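Student: Dropping the sequence and predicted coords here.
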Amino acid sequence: MKDDQKSIPSYGLGRQMQVYTQGLQGQLPSLPVSPEALEQQAIAHLSQQASGYLAGMDDTMQANLRAFQHWSILPRMLRDVSQRQLSTSILGMKLPVPLLLAPIGVQSIIHPEAEVAVARAAHAMGVPMILSTASSRSIEVVAQALGETPRWFQLYWSKNPELNASFVRRAEQAGYSAIVVTLDTRLLSWREQDIQNAYLPFLLGEGLANYFSDPVFRQALAQPPEENPAAAIRYFIDIFLNPSLTWDQLSFLRQHTSLPIFLKGILHPDDARQTIDAGMDGIIVSNHGGRQVGGSRAALDALPAVVSAVNAQLPILFDSGIRRGSDILKALALGAQAVLLGRPYIWGLALDGEAGVQQVLQNLLADLDLTLAVSGYSSLSELDTSSLVNEQTGR
Ligand SMILES: Cc1cc2nc3c(=O)[nH]c(=O)nc-3n(C[C@H](O)[C@H](O)[C@H](O)COP(=O)(O)O)c2cc1C
Ligand SMILES: O=C(O)C(=O)c1ccccc1
């Protein structure tokens, strides 16, 4: 991890001057800088199946993005912003920047180096990574590529309790420092593009690295996955989704790990209160990037009520629609301690592997650092609702 003083110029002015200086030699950034152009180029580059898999429900995704426009930053002038502090701490875990990479499964359909390329870029930038259960590279292989970079493990709670315990054990052993249980995907929703393409990557054996390498999973099979992949995939399909999972079962996980547990996919303030009652350690407000409940409330619109219900008893993280530095500033001002970056790093991966992810992160962190500075803030802790105006209420 980089120390904070060194990281400031490389995030903000450093990146800006690097680009302008390279311009003197006639060199332009190799990837589009605007997230909209980046998305367009990545989608054009990918197969119809892969780009369809990245999609979500259009109306809900647009609502996620629009919600950021309900809030405006009201910049403050003549404050000393020459030294900026982007680091934060969550449950005593130090994060160099208030940003983690969101768990995104099956990255082998995006780029052959998949999560390993992402992990190397995360390592280069000091950005923590949350690894999906449905990753194309295993918990251990990704940990190795991350070196000392902080990492969390996202758990899809399968129907096999011993398998869940095994995943968590492996994550602990490989140096992951928190468990994220995703609640909004106990079933896969009706995904129009995937249905149209008749495409589900798992049926092709993509995204199953953690399962195929797991001793408990392997024990449940008559033959190893290498010998009979079709039977292994069938067993995965049998167990990986668990629509009967309920609040009372969370105690099982608590008994099997001493790591902090975050619940991802909370939108309703009553569910936020239940998270506290269930003895969990943190919340990730998210609508899964508009991929699960079509017509769901925009995640950012759901954030203030969750923040108010939690009343500072737990840390709150946020994702679904983070595209620019100003989006991060707004989510933090509304009470999130950090945000998760989703699709944008996948677009970078699609276009240029590790270097693509790194460039996306460099640009986003430079944007965040400079947005913070020109808004009059030198530290994240100065942000609160008085930094923003709600354009619908005028307050
Ligand atoms: C292709 C794809 C795969 C995803 N896979 C997972 C996953 O395995 N586990 C999980 O918790 N969330 C998963 N998510 C959701 C992300 O963690 C995150 O909530 C979402 O991407 C945020 O929305 P945004 O990308 O529009 O910002 C996935 C999202 C996408 C786009
Ligand atoms: O596609 C997704 O959104 C997702 O979260 C998922 C679900 C199951 C396996 C892999 C990814």
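Tutor: Here it is on my side, so go on. Ligands and ions are numbered 1, 2, ... in the order given.
Student: Excluding chain neighbours, what is closest to residue 97?
Tutor: Distances taken as Cβ to Cβ, 6 or more residues apart in numbering place residue 86 nearest to residue 97, at 4.9 Å, with adjacent residues excluded. Any C-beta I mention is one placed from the backbone N, CA and C, and that applies to glycine too.
Student: Surely that neighbour and residue 11 touch.
Tutor: Yes. Here residue 86 reaches residue 11: they are 6.5 Å apart, a contact under Cβ atoms under 8 Å.
Student: ok, these two, which is more surrounded?
Tutor: Neighbour count, other Cβ atoms under 10 Å: between residue 86 and residue 11, residue 11 has more, with 28 against 22.
Student: Would you enumerate the residues in contact with the most centrally placed residue in the chain?
Tutor: The centroid of the chain falls nearest to residue 102 when counting by Cα atoms, centre = their mean (1.2 Å). If you count contacts by Cβ atoms under 8 Å, 6 or more residues apart in numbering, residue 102 has them with 130, 319, 340, 341, 342.
Student: Try it again at 6 Å.
Tutor: The neighbourhood of residue 102, defined by Cβ atoms under 6 Å, 6 or more residues apart in numbering, consists of 319, 340, 342.
Student: From ligand 1, how far off is it?
Tutor: Distance, residue 102 to ligand 1, by Cβ to the nearest ligand atom, to the nearest Å: 3 Å.
Student: for ligand 2, what are the nearby residues on the stretch 1-150 of the chain?
Tutor: 105, 106, 134 (Cβ under 6 Å from any ligand atom).
Student: for the chain, longest helix please?
Tutor: Looking across the chain with DSSP state H, the single longest helix is helix 343-374.
Student: Rounded mean pLDDT for that helix, please.
Tutor: Confidence for helix 343-374, expressed as mean pLDDT, is 98.
Student: Strands of the stretch 151-300 of the chain, start to end?
Tutor: 151-155, 179-182, 261-266, 282-285 (DSSP state E, counting those that start in this stretch).
Student: ok, back up a step: are the longest helix of the chain and ligand 2 in contact anywhere?
Tutor: No. Using Cβ under 6 Å from any ligand atom, helix 343-374 stays clear of ligand 2, coming no nearer than 10.7 Å.
Student: For residue 85, list each beta-bridge partner.
Tutor: When assigned by DSSP bridges, residue 85 has beta-bridge partners residue 379.
Student: got the residues of the stretch 201-350 of the chain near ligand 2?
Tutor: By Cβ under 6 Å from any ligand atom, the part of the stretch 201-350 of the chain that sits against ligand 2 consists of 207, 288, 291.
Student: Contact residues of the stretch 51-200 of the chain facing ligand 1?
Tutor: Residues of the stretch 51-200 of the chain lying near ligand 1 by Cβ under 6 Å from any ligand atom: 53, 54, 102, 103, 104, 105, 132, 134, 154, 182.
Student: For residue 73, which non-adjacent residue is spatially closest?
Tutor: Nearest residue to residue 73 in three dimensions, chain neighbours excluded: residue 375, at 5.3 Å (Cβ to Cβ, 6+ apart).
Student: Tell me if I'm right that the one you found and residue 74 touch.
Tutor: No. The pair residue 375 and residue 74 does not pass the contact test of Cβ atoms under 6 Å, sitting 8.3 Å apart.
Student: Give me the more crowded residue out of these two.
Tutor: Higher neighbour count among residue 375 and residue 74: residue 375, with 21 against 11, using other Cβ under 10 Å.
Student: Would you check how far apart the more buried one and ligand 1 are?
Tutor: Counting by Cβ to the nearest ligand atom - residue 375 and ligand 1 are separated by 22 Å.
Student: residues in contact with residue 100?
Tutor: Applying Cβ under 6 Å, 6+ apart, the residues near residue 100 are 128, 130, 340.
Student: what helix or strand is residue 339 on?
Tutor: Element membership of residue 339 [criterion: DSSP states H and E] is strand 338-341.
Student: In that strand, which residues are buried?
Tutor: 338, 339, 340, 341 (16 or more other Cβ atoms under 10 Å).
Student: again with stretch 52-65
Tutor: 52, 53, 54, 55, 56, 57, 60, 61, 63, 64, 65.
Student: Among the residues you listed, name the ones in helices.
Tutor: Per DSSP H, the buried residues of stretch 52-65 map to helices at 52, 53, 54, 60, 61, 63, 64, 65.
Student: okay, the residues you listed in CSV with distance to residue 346 next?
Tutor: Shown next, in CSV, are those (distance: Cβ to Cβ, whole Å):
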residue, distance to residue 346
52, 14
53, 10
54, 7
60, 18
61, 14
63, 20
64, 16
65, 16
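Student: Which of those sits closest to ligand 2?
Tutor: residue 53 (6.9 Å; Cβ to the nearest ligand atom).
Student: okay, the closest residue to residue 133 other than its chain neighbours: pLDDT?
Tutor: For residue 133, ignoring the flanking residues on the chain, the nearest one in space by Cβ to Cβ, 6+ apart is residue 156 at 4.1 Å. Listed pLDDT for residue 156 reads 98.
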